[in-house]
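A.B. asks: below are the sequence and a predicted model for it; my questions follow.
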Amino acid sequence: MKKGIKRALIIILVLAVIIGLGVLAYARIKQMERNKKTAEEIDISTPVAVTKAGVGQIRETLALNGSVKAVKEVNIFSTVTGKIKEIMVREGERVRKDQTLAFVERDQAGLKFADAPIESTINGLIKQVMTEMGASVTPAAPLFSVVDMDSVEIIVNIPEKDIPRIHTGQKSEVSLIAYPGSIFTGTIYKMSPVVDPLSRTREARILVANPGHILKPGMFGSIEIIIQTRDQALIIPYSALIDREERQVVFIVENGKAQQVQPEIDIIEGESLSVSAGIKEGDLVIVVGQHNLSQGDQVTIVEEIE
């Protein structure tokens, strides 16, 4: 083979090797760029959980504690002096107004009087019998205690800062330790005209119907006074709210990016709150993963909570 041809073949082979290495290097660089881009996308995309802002009912309430008391409880006295001749009722028995509870024998030496009846002044139950057969009685000592159990009242003390929001006629929900899981409804029917100077509270009384007499004076429980109710409020979870630069803000997702908004908060009830501006129905509100976000950050929705 001539030297020229041999040299040409060597040059071609070397060039082919160089070109092949160049192609491989180029492909590797492109792959590295793709891998780098993918890694960058993974690094900057924050996983978040969202929920849709929806319309529903929300209430503003004031939570307090209180005790059950009888609305009416009276002591019954004799109108004459004498001795108990007969007792007509027992403790726990239901009585009517003007019903005879006992008779008093009021005979004096040389004189004969008809037995004097002792009558109930209200409808109710005999709470206590405070006399016995043959006992001497006078108009000064109570003989019976009668309590009206058809309705009871819950006494609560309104903190001074909440007094302007509470008034008669407002509905309340009562939960008693004795009946866990049961809710009794009542209405504020009476409020003290003054504020206690020591506790800085105003007393309110909530009337609750008690037809089965299951609510007993002395029971204790929690009360929620319903201040206002919104039936068509825009509601988001309270957990969506975060503090940012002395403001309370929420992040929503738009086109795969986090958008910071400052909603106008209306009512807070438990784990929910209503907003009057800044968020619209159907917005994807971030409830998990929002604490480290900034405006415009790329996000990936990993869960949508109903």
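C.D. replies: In hand now; what should we look at?

A.B. asks: need the longest strand for the chain.
C.D. replies: If you go by DSSP state E, the chain has its longest strand at strand 54-77.

A.B. asks: each with direction, which strands does that strand pair with?
C.D. replies: Take DSSP bridges as the rule and strand 54-77 pairs in its sheet with strand 142-159 (antiparallel), strand 220-237 (antiparallel).

A.B. asks: mean neighbour count, mean pLDDT and distance to residue 278 for those strands - can I get that in TSV?
C.D. replies: For glycine as for every other residue, the C-beta is placed from the backbone atoms N, C-alpha and C. Shown next, in TSV, are these (neighbours: other CB atoms under 10 Å; pLDDT from 0 to 100; distance: least, CB to CB, whole Å):
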stretch	mean neighbour count	mean pLDDT	distance to residue 278
strand 142-159	20	95	30
strand 220-237	17	94	10
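
A.B. asks: of those strands, which is nearest residue 70?
C.D. replies: Minimum separation from residue 70 across these (CB to CB) falls at strand 142-159, 4.6 Å.

A.B. asks: and that closest one, C-alpha only, in CSV?
C.D. replies: The C-alpha coordinates for strand 142-159 follow below in CSV (Å, rounded to 0.1, in the frame of the first residue of the first chain):
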residue,chain,number,x,y,z
PRO,A,142,-90.5,27.3,107.2
LEU,A,143,-92.1,23.9,107.0
PHE,A,144,-91.7,22.9,103.4
SER,A,145,-89.5,23.8,100.4
VAL,A,146,-91.1,23.6,97.0
VAL,A,147,-89.2,23.9,93.8
ASP,A,148,-90.5,24.4,90.2
MET,A,149,-88.5,22.0,88.0
ASP,A,150,-90.4,22.5,84.7
SER,A,151,-87.7,25.0,83.7
VAL,A,152,-84.3,25.8,85.1
GLU,A,153,-81.8,28.6,84.7
ILE,A,154,-78.1,28.6,84.0
ILE,A,155,-76.2,31.4,85.7
VAL,A,156,-73.1,32.7,83.8
ASN,A,157,-70.8,35.7,84.3
ILE,A,158,-70.1,37.8,81.2
PRO,A,159,-66.5,39.3,81.2
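
A.B. asks: next secondary structure element downstream of that strand?
C.D. replies: Where DSSP states H and E defines the elements, the next helix or strand beyond strand 142-159 is strand 171-176.

A.B. asks: just checking, what packs against that following strand?
C.D. replies: Counting contacts by 3 or more CB pairs under 8 Å, 6 or more residues apart in numbering; DSSP states H and E, strand 171-176 packs against strand 184-191, strand 201-209, strand 220-237.

A.B. asks: now distance to residue 250 too, for these, in a markdown table please.
C.D. replies: Listed next are these as a markdown table, based on distance: least, CB to CB, whole Å:
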| stretch | distance to residue 250 |
| --- | --- |
| strand 184-191 | 34 |
| strand 201-209 | 35 |
| strand 220-237 | 7 |
